[in-house]
Structures are given as structure tokens and as C-alpha cells.
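Participant: quick one, what's the 3D model for this:
(3 chains)
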Amino acid sequence: MEGKQTGVYLCSGCGIGEALDMDALAEVASKEFKLPVKQSECLCGDAGVKTISDDLENGEVNQVVVGACSPRVMADRFRFGSTQVVRANLREQVVWMQPAGEEDTQMLAADNIRMAATQSGKIAPPTPHEESVESSRVLVVGGGPAGLAAAREASGAGHEVLLVDKADQLGGNARGRTALTPHKPPYRGLQENDIESDVQAVENDNRITVKTGTTVTETSGMPGQYSVTLSGGAQEKVGAIVVATGWRAYDPSNLGHLGYGASPDVVTNVELEGMLSEGGARRRSDGNAPKSVAFIQCAGQRDHNHLPYCSSVCCAVTLKQALQLKKADPETMVYVVYDEMRTPGTAEEFYREAQEQGVIFIKGSVKNVGSDLQVTVDDHLLGEEVPMSGLDMVVLATGMVPNSTDPDQETPEYGAEQLDNDINPESPIKVAGYNNGEPEVPERPGTAPSGGPILNLQYRQGPHLPMLADGFADSHYICFPYETRRTGIYTCGPVRRPMDMAEAREDAAGAALKAVQAIHNASEGAAVHPRSGDLSFPRIGYSACTRCRRCTVECPFGAIDEDDQDYPLVNPTRCRRCGTCMGACPVRTISFDNYSVDMLSSMIKSVEIPDEFDEKPRILVMACENDAYPALDMAGINRAGLSPYVRIVPVRCLGSVSLLCISDALSVGYDGALLLGCKSGDDYQCHFVKGSAMAEERLSKVGETLKSMMLEAERVVQAEASIADSGRLPQVINDFVKEIDDLGPNPFKGF
Amino acid sequence: MTTTSPQATRKYDLGFARWVYENVDGGDRLALCMQCGTCSGSCPVGTQMDYGPRKLFMMIRAGMKDAVLSSNTLWNCVSCYNCVVRCPRQVPVTYILHDLAVVAVREGYKEAVESDNARFSAAFNFSAERYGRTDERIVTGKFYFSEGLSAGFKKGMDNMKIAWNMVKTKRMPLGLPHKIKGKGELKTILDKAREIEERHKGGGKGN
Amino acid sequence: MSDQQPRSQTILVVGGGISGVTAALEAAEAGYETVLLEAGPSLGGRVAQLNRYFPKLCHPTCGLEINYQRIRKNPRVKVFTMAQVDGVSGERGNYSVTVKTSPRYVNANCTACGACAEASETKVADPFDYGLGETTAAHLPHEMAFPMRYVIDPSVIGTPEAQKIKDACKYDAIDLEETEQTFDLQVGAIVWATGWRPYDPANLTNYNHASLPDVVNNVEMERLAAHDGPTGGRITRPSDGTEAKRVAMIQCAGSRDLNHLPYCSRICCLASMKHAAYVREQYADAQVDIYYIDIRAHDKLEAFYNKLKVDPQVSWIKSKPSAIEAGPDGRPVVKGENTITREIYAAPYDLVVLATGMEPSVAGEHLPVNTGQDEYSFVVPAQPAEEGVAAAGVASGPLDVSMSTQSATAAALKAIQAVAGPAR
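Facilitator: Purely as a prediction, here's the structure:
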């Protein structure tokens, strides 16, 4: 069959047939769009599905419009290989929300068919990009516990691995650790530091190439074909990257208030660890073994003047070191001054073990540490200030600073903005209605991380991996903790968040999987999370491109670079297919095979606009397909009423909505447009991270456009919608319809 | 190991705490206390105590021997065991308090020796050892007069009406106190108890 | 194993909560066939029942929807609901698994039109709402259910109502004769992700969860705050439906307790802070008291703690309450000692929320797979290790959602190594 032939299949089941005039609906497709139409009483039943598959097999059609239930249901029934299937939602968003048999209900259904038929006309089965996978090798940066584990795990899955470590020796911070906190039942005893066996295993693994004393000086390319330059100048090709650069201790010279520097016998937990590995704790002043030792927890952590976060592992590390001191000499008096003991999970057993061994825990805050090692504690449980004297050693339990940058390199000027302008987990709660006043939490914790970039990405959007304001590598840290904003590059271990060695090793396995997965998908030309498997990718019409760079700036994933003539250069395997570039482009010259500004505009324009005397306004709702659209489906499941005047267009992300779609809508006579997207900002919920934020920014400038069209700014509004808004959303939309009603009809109507 | 618990030289000197861990019945679990406060909150007479058990335990850790052994917390426990069954760390609070009370008396803490409970216990023991049973007149008499002659008379007079009513309802006999049969066996039991106690003082906690 | 034996490349994931769904998808998206078994009628497990996640206060259904989209688009993932593992034999690369399915009484013809629910009159306690609300015997597990298919409560099977329900269905989707069935699967690796259940508050006799209606546990609180829960998201007193403005959160209700769960359940502190935010969001004049032993807000979750700490209407009382009893007006009274002020308190509340801990779903059970279990029934590697079996999520230890997905992703890799990696 030459060319495209769409078949339209209408279902009258689930009450659709009772509420709508199906023949009239069929005529919309057959007369207006000249498309073959078939009807079924139960399209998702075996007979209905067979009708479609037979037509496809017989070559009568090669694209399908299903006018039935929401695209969120029966996806497996209406999946016919790679055939493009467009779903016109007649059930959840029409007959379950509107009164049966009404003219307005029929008009809504007809418009949904028009939009679906138009959409089908504007899309084609995506042809995946042709870049091949040049290397399926995984680069692991960092040779500590996480990096070693990542290398072994990737190798275990059959991949070649290149492991580089800045140090001359593998093992990272774990080298020289005397023992580990327990992670095996019964979770009480110290565990042997087995880092050496990891190092051995890596060195004996013939799929793993190790380069110590090596850093990455430059990284360019994309998943499946990264070009990496190593210090020394060697060029390597790799398919994906795991960053496991770990942590460094917080600089104790900042901890003068806890006595660091006042006495040689005030040491950090890291320094004590060094002593323990060299035969035992010794006072630096006189070389004697300490008989009375106080550990001070949260030495810098949980302190907005230092590290705002909890380093998670310091409590357990202190327990371990306390037990080591006890083991060396059971008569040693060991105290732990803490604010909160944090031994989550089975580590509670370890806490009890330390208590049983006679370690004394004092809840309080340290007021002063004297040069004579007198520690003054505001003892919360005794309710008095307690001078602790007779101590031989004070140990400061310092925290972890992520090596998301290389502190040994200078902070380059380029990319500085990238470091200073990111997601801040400390920002106040912004929940609708949360009456919290203006909480006095600092806007930003500490200072922006400094140091050179780890990978030195040759990306338009800067050399660094995006990181949170507290310096840890950014990811979608609740549901999808590996999803960074740099596809194909995954972080694990303490560079991602503070964690112990056992957890870092598990984390490394997860990151290794993501690396392997990125290479696999690159080889198929398919997207990774969240539009996994999507074969479409942005194509740029260079003839129209004005080199305005909006797409390269706005892409949430840094997927688009600029070539030497400043034209955008898409790196398809970095792309996550959100369409933010498409929404950004002022000349609508970026499109996907199955998604484009032209498609959206044409769908919008396909709707029949009654003239102003009909008093039937038309409101465009563009809804994020992951959250707002399902919420509207659920409103339908709950049979909530909705204004029949709205026309809902699902979009990949609000970031993909071009203002041109809005102006097209207004120019054909829509009376208003409502954009429903996810929460943006520090507590963002957008699965494309910045999509809805970009839409917001664009929309903030729409007033000018509207003014030039002599229209009120209130006609175009963006509203925050979550997937749980099935109860609230109909009201939001109905209120908007009423506001538009009050403004009166769009004067462009009928032109 | 000394019979007498050591005095702390400074706050959080562990001498006293370790002595308690090793010498007081249930003291070995005291180290597990995580200061949650369930014991003090569960105590029906918690408001009558100088310190609830929780704080007392923290004071033991802090080496506050005098304050611990002179506190009335040791004497006001009514052995309801609410704290023991609720303690998330299974610390036998009741045993510890009772044994600390014994320590306080043994070490001659005035608040302990002169406490109602200590004097009552002495009166109780006096009657029990002599007659094999507790005779109300002997126990109360000895208890009342342990505070001194005039205080004894005053308390006796204050309770005269109750005493008379008890006699009338045959709850308290007149005449000589009854003795039990087999006093010799009782003596053997008590001697054994003394022997065990001596062993405890010697530092062991064996039975 | 020898290379001559036939090896299955299929990965079986047991448990359809966030960990199982994640493990199945991550393996499938790396190119492997996966089979996902869920004992209940829909996927999502415990997180589907949560109102929001800490610390972003976003809705779990958002991430679940992404995952369901991934499943819808991925023919490599096969989902079986109402299905459990009955027996496993074989070894890495070559397991034979017997799967047992319980009757749903609704087959794949179901269009989710809802006619059966309309015909259903009997009300049953809604398991999705932990019994706080009611639903009809024929019902959709919840509005976000995946697969979107109805289920019939066994209590009406054999009654005239069942026939009425069947007759109401136009699509021949009701099968009243359905029985428990078994089938066999050949798989190369198994990911065990059976998750957790809330510790039974009935064991905490001094907290009177059973006798005081206004004492709820943390999972029930999630339903009380959920827009699709029994109160439509209004946080009210179960006893009389009035606004719950004075609310207590009791930490370590079961956890860190040698008489109950000796370990720390990790999530409860944060969950209670989230609950405090729910209450404060609804009522400007609310007062929330959080009773705790240690507040455990690890890593960046400390920021969430900081956000709540600056709220003057959220108080932090370092105390493990000793009892919750009925006050003279029937309101629950929380009793205990404030360990900082040493005050003995007895404070009445509109609502008391017990931050009960997580217990492995398989606590006390012998597992059909070759794996170890620690004394709390968390799944740990077998000795010697069985390379074809990996545990994921809370089945392996008390984890939050983020750590569960991390663990599940790692387990997916272990499974891939077992089916595709070189023999070791």
C-alpha cells in the first residue's frame, strides 16, 4: 500500500452508544476526513480487535484511530506492532463526564474524533535515528567501593569496562579502613574490610581495564558513542558512564568551635580511622593510648553554617570506632555526645551492641571543647550543663562532602552558572494552602560546590553533571533515583547521597544496570526513561532555523549542542523525547515523526468553533499526559461533571507546548486556553525536570503577544495539576470556563 | 570489686555506673537504656518520685552516686511492673530500683536508712525472724518507735481508733504473738539468704 | 552449571509493588523478558495506598503512572495479578516455578465500565482503605488501578447477588465459577520483592488502637488524607467525622522495641513529618505534636525535618509515650514523660497517629525460593549464595521508596547476570 491510510474504529460499548449518536460520529470521519469507519459494540473484545488487525493485515489501512476509551486503558488490546494508533477518548472524558444525548456532548465527541483523525494525518511511524553504537564499553570513574562494584557488576552482565581512578591505587577511601559497620545478620559484629578482594577481583577480570592515576579531562558524544579524553591524552570510546567519585571528609579546619586545632588530641573520625589502621588509637600529644574518649556527633553536619544535610553514616561509624576502642581495651571509657542517634534499619542492633559493650551515650549539644580537652555539654537529659573532664581524646564525627566536582582542580569560569543555579532541597515547603508563614530556612545551604568538573562534558549546557544545591548529584530522587539529567551518565555511591559501603555497592549495581540499559536502548534507537522505547527524536529543519539557541538552552537534558555555525545539533541518544525543544522553537522547525507543533496546531484547529451567537465558547486545555490527563480520566471514572466547552489535548510535557499553538487557538476563535502541568521549582514533579518550568517562563511572556492581538492576558493561564487532582481539576477547569465566559467571546471568532 | 560502690570523681566518671552494671540485680541491662521515658511515663507514682527511673538511670551513667542513692525513687516503686513490660529495651526497672535501695541502706545513706520503707522493712524483718510471721502490733510498734520515742507515741495514739476497731473485728489478736511451726527450717532459709547476700556484696551476682 | 543445559532468559519478579514493578521494568528495558506476579488485584502495592511521598509531598501515583505507561508500551513485561509463587525447583538459568492464582471472578474481557458495581449492593470493608471505608462487593480496586479491571469480593460468591452482578455485565467478563488455579513457568532468575505489611497495632496493647477509634496508624492516616480515601481527603476523627486539629504522632510504635520489632523501620519519622504537613495544610489553626525517641531524617531528608521544625504549630516531644487511654470525653489521651522537661503529661488529642513500623510480608513464613532470612524474616542471600535469586525492596530490609527502587534496580542487574552473564 502506498502512502498513509487511516482507518477509524468506533466503539459503542461502556455506555458510549447510549450517550452518543454513533452514526453521526462516524460521518464526521467518513465525510469530513474521507476515512473508512467501522463500528463495534465492544471494540476491545476479540471480534473488535480482529476487525482492526484484519484490516491491517489485508493492507486496507496502515494507521488506526480508535474512538473508544482512554489511551490509558486497553493499551495491550490496541497494540498492533509498530502501527501508529491514535486514541480518541470518548468514554472517560466524554460520556462519563457529560449528560447523555445532549447536543454539547455530541459536539465534544465529534471534536475528539476530528482531533484524532487530524493527529493521525500528521504523524508517521517513527524512523529511529541511525547513529550506531560505537562502543558498548562502560566507563567507570572512581575506584572506591562503588566504582569497583560498578565495574564488576557491568562486567558480570557481559560488558567491557574501563575503570579510571585519580589515585595511584584502587580502593578509594575504603583502603585502610580497619573494619566495616555490619550489614549481615545478626548486624552486631564488625565486619572485615573486604575491599582488597574487590580490588583483586577487578584486577583479575579480563573484561575490566584499569587505569589508575588517571582522570577524565574531556567527555563528548552521547550514549553509545562517548569520546573520552584521559589525562595523558589517551582517547577512549565508551557507551555509557558510571560516576562513582565518592566523597571526601569535611574540612575540619572549619570546626574550630569544636576544638579542632586547639589540641592535637582533638581528631576527626577519619584521622582516628587512620590511627586504628596503624595499630590503634594514640594521642598525638604523647603517643599514649587514650583511656577516656568522647565522640562528638554531627561535627559540621546538620548545621547550616557547614553541611546542611545528615551524612547518614557517621553514627554507625562512631559505634564501630567506639567498639574498636573497647576491644583494644575494655576499660577505656567511651562517650558519644549526640543530638539524634541515627541507626536506621537493622543498624539499631549495632547501637544496642555498643551500649552493651559499655559505650555511654549522652544526648546534648557541645558548648565548648577546651584545649585541655574539657568538653562542656548542655546535657539535655540531665537538664544541666555538664563539664566532661579527664578526657584523653575527643573525636569529631565529621561528615561526607560529595566529590561531584574535583576539588584538586580549579573551578572553571565556564559552567559557574550551572553550579549556582540548581535544585535546592532546603527550600520551604510549597504546598497549596500550607499556612507556614515565611519559614526561616536559608535560601541556599552553604556555598555552591567548587572545583573542576569530573567529566568535563563538552555539552552546550556546561561541563558539570547537574547537582543539587547541597552538592550531591541530581536525580529524580524519590521514584527514579538513577535518572540524572545527563542520559547515559549515572552516579552511584556517596556522590549521589551519603551512604555506607554496603549500600554503595548495591547502588553501584543499580547504576551499572542503567549504563547497560542506556547502551542497549541506544543500539535500538530507543528512548530511555520515562518515554522508554520511544523511537521518535527531534528533527531540526535547518532551512528555517534562526540559530536563536532556545532549544539548546532549554533542553532539560542537555541533549542539544551547537555546531560551529551555531546551528543546533541534536544528540539523539541523550534525548528523552519530552519535546521541550519543540516547544521552545519560535519558528516551529523542530518536530518528531509522531509529534510536532504542526500536529498540535492542526488538532487544535480541527475543532469546530461555533460562532459567537451560539453562546458555546471553546476552551483549549493542554494537559500533561502523565499527570493532568490521567487525573481527568479519573474524574471521568468518578463521573465528575466538566464543562462541555473544553477541548482537551494531551501533550508529552507542558514544555513541548509552543506559544504558537496558543496563538493559533486564539486566532481560530477559541475563547481561552488553560495549560495544565506539573509542579515546577525545587520540589518539582515534572518527569522531564524542567519542562513545566520552561512552559511557565514562556507563558510569563505571553501577555505581550496577547496584547498585540488585542486580547486579555487572562485568556491564557497555566495551572498546576497533579495526578491526584481528579477531585479538584474539574472545578479548576470549570472556574476557568466561567472566567472566560465573563470576559465574553474571543473577538477573533468567525474570522 | 569492692563491697561499697565507688564515688565518682567527676561527671560521667564510669566507676559508679560500672559498679551498678556489675553488682545490681538487672544492672547488666541498664546499659541498654535509650532514655525513651516509657518507664517514667508508665509509673503510677512517677509524680511522687524525685526522679523517674529514666532520669535516675542517666544519673547513674553520669556518676551521680549520692543523688541516686539518696533519692526516694528507690523507695517509691510499688512493683506494678508496668515499666518492665513496656520497656523497649527490656530493662528490669523494678529489680534495679529495689536492689539500689538495698545498696543505699547498706552504704548508710541517711535518706535511705531513715526512709519509711527502710524502717518498715527492719520492723517487718524483726517480726518475721522472731515469730516466722508478721504480727501487726510488733511491726507497727517497731516501725512507729523507730523514729523516736515521742514520734512513736504520737503515731500510736493517732492510730488507736483503727487498732481498736481491728481488735473488735478480730483482725488483730490480743495476747502473745503466735509463732509458726518449724522455726528451725525458717532459720535455715534465712541463713541461706544471708549467705547469698554476702556473696553479692563480694561482687558476684550468682545465685 | 554446565553450558549444555537449556537456559531460560526470562526473569521472574515476585511482588508488584514499587520494587517489583521497578525490577521488572528495568530488566525489560535492558532487553529481557520479565514476568511480574502480584498477589493482589492491581499493581502498586503499599505505595499506591500512600497519599504523598516525603520529602517532596508529591503523589506516588505520578511515578506509578510513569511505570504503568512503561509497562503498557513494553511487550516484554507480562503481568499476572492475583498470583503467588507456590513452589520453585531448579537452579540459576533453569527454574521451574509453580504459580497459584486466586479467583478474581472477573476475566480479561472486563472493560471497567462499572456496570457490575452498580448491580452490587453488599458493602464490604475496602481493603485499599485498610477497612476505614466501604466499597461494593464488585469494585475497582481503586481509581488508579492497573490493570484497570474490577474484582469481586469472595463473600458474595454463591449468593443471588453474584448472579445479578454477572447479569449486569454486557461483556461476559464475570466468571463466578473461577477457582484457584496453578500454572508453571520456566525462568532463569527470580527477584523476590514481596514487600511489607504494617506492624499489627493490636500488639501494642497500651496504645488501644482497637478500642479507641481516634487512634489510627500511619498507613490509615495516608488513606484519611488521600483524595480518593474514605473521607475524600479531609483529615477527620473516625469517631464522629469532626475536624482533627489537635493531632499527635507517636514514633516507634512497635519499632526499636525488643518486645515488638527490634529494628528501626527507617521511614516512620519522615512519614510522621509528612502527616504533620498534611494536617497543617488543611487547618491553619492545627497543632501537631510529634513524640519521638530520635528523629531519624537521614541525608537530604534532614531538609524536610528543618522545614517542619520552623513551623511553630508543630512541636517535638522527646518521649516514648507509655499509654494512650480514653479521656472523660472519649478523646484519646496520650500519657508519658517528657524526657527533656521531665514533665509527666496527659495530653488529649482529636486524633492520634501511631507510626507503626514495617514488617516483612513473609514474616514467619518459609519461602519457596532458596534464600536466607534473618531473624526478622528479611530476605538475605542464601549460604552459599544462590546466584539466580535476588531480593529487592523492603523484602530485603526496612527501606524508603528511593532506597527500594535503588535496591530493585540492583536486583534487576543481578537477575540479568544470572540469565545472561557468563557462567561463574
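
Participant: of all of the stretch 51-200 of chain C, which residue lies closest to chain B?
Facilitator: C:Y199 (13.1 Å; CB to the nearest CB). Glycine gets a C-beta too; all of them are placed from N, C-alpha and C.

Participant: helix or strand for residue 60, which one?
Facilitator: With no chain named, the answer covers chain A. A:E60 is part of no helix or strand, with elements assigned from DSSP states H and E.

Participant: I was thinking of chain B, sorry if that wasn't clear
Facilitator: helix B:53-61.

Participant: that helix packs against which elements?
Facilitator: Counting contacts by 3 or more CB pairs under 8 Å, 6 or more residues apart in numbering or on different chains; DSSP states H and E, helix B:53-61 packs against helix B:15-23, helix B:38-42, helix B:65-69, helix B:93-106.

Participant: list the residues that contact A:V649.
Facilitator: By CB atoms under 8 Å, 6 or more residues apart in numbering or on different chains, A:V649 lies in contact with A:M115, A:L600, A:M603, A:I604, A:L620, A:V621, A:M622, A:A623.

Participant: filter the residues you listed down to the ones in strands?
Facilitator: Of those, the ones assigned to strands by DSSP state E are A:L620, A:V621, A:M622, A:A623.

Participant: please identify which of those is nearest to C:A193.
Facilitator: Closest approach between these and C:A193, by CB to CB: A:A623, at 32.5 Å.

Participant: around chain B, pick out the residues from the stretch 101-250 of chain C.
Facilitator: Contacts of the stretch 101-250 of chain C with chain B, taken as CB under 8 Å from any CB of the partner chain, map to C:N206.

Participant: where exactly do the strands run in the stretch 101-250 of chain C?
Facilitator: In the stretch 101-250 of chain C, the strands defined using DSSP state E, counting those that start in this stretch lie at C:123-125, C:134-136, C:138-139, C:151-152, C:181-187, C:189-192, C:196-198, C:215-217, C:246-253.

Participant: hmm, who's touching the helix or strand B:W75 falls within?
Facilitator: Assigned by DSSP H and E, B:W75 belongs to helix B:73-76. For helix B:73-76, the surrounding residues in contact (CB under 8 Å, 6+ apart) are B:45, B:48-53, B:56, B:97-98, B:100-101, B:104, B:112, B:115-118.

Participant: do you know how far C:A28 is from chain A?
Facilitator: 9 Å (CB to the nearest CB, to the nearest Å).

Participant: also C:C169?
Facilitator: Separation of C:C169 from chain A (CB to the nearest CB): 11 Å.

Participant: that older thread, my read: the residue of the stretch 51-200 of chain C closest to chain B touches C:P262, true?
Facilitator: No - assessed by CB atoms under 8 Å, C:Y199 is found out of contact with C:P262, at 11.6 Å.

Participant: out of the two, which sits in the busier spot?
Facilitator: C:Y199 (23 against 18; other CB atoms under 10 Å in any protein chain shown).

Participant: enumerate the residues of chain B near chain C.
Facilitator: By CB under 8 Å from any CB, the residues of chain B that approach chain C are B:34-42, B:46-47, B:51-52, B:54-55, B:82, B:85-86, B:88-90.

Participant: which stretches of chain A have low pLDDT?
Facilitator: A:1-2, A:420-422, A:428-448, A:751 (pLDDT under 70).

Participant: give me the contact list for the helix holding B:I60.
Facilitator: Residues from elsewhere that reach helix B:53-61 (CB under 8 Å, 6+ apart): A:360, A:362, A:381-382, B:12, B:14, B:16-17, B:20, B:30, B:33, B:35-40, B:43, B:51, B:67-68, B:71, B:73, B:83, B:91, B:93, B:96-97, C:337, C:339, C:342.

Participant: now restrict those residues to buried residues only.
Facilitator: Using 16 or more other CB atoms under 10 Å in any protein chain shown as the burial test, the contacts of helix B:53-61 include A:360, A:362, A:381-382, B:12, B:14, B:16-17, B:20, B:30, B:33, B:35-40, B:43, B:51, B:68, B:71, B:73, B:83, B:91, B:93, B:96-97, C:337, C:339, C:342 as buried.

Participant: from the stretch 401-550 of chain A, which residue is nearest to chain B?
Facilitator: Residue nearest to chain B within the stretch 401-550 of chain A: A:D500 (21.6 Å; CB to the nearest CB).

Participant: quick check: that residue vs B:T134, distance?
Facilitator: 61 Å (CB to CB, to the nearest Å).

Participant: quick one: which of the two has more around it?
Facilitator: Neighbour totals were compared for A:D500 and B:T134, and A:D500 leads with 18 against 15 (other CB under 10 Å).

Participant: quick check: closest non-adjacent residue to that one.
Facilitator: Nearest residue to A:D500, sequence neighbours excluded (CB to CB, 6 or more residues apart in numbering or on different chains): A:V313, at 4.7 Å.

Participant: that neighbour: how many residues sit nearby?
Facilitator: A:V313, neighbours per other CB under 10 Å, totals 26.

Participant: same deal with A:A509?
Facilitator: 27.

Participant: who in the stretch 1-150 of chain C is up against chain A?
Facilitator: C:18, C:25-27, C:29-31, C:51-53, C:55-63, C:65-70, C:72-75, C:109, C:111-114, C:140, C:143-144, C:148.
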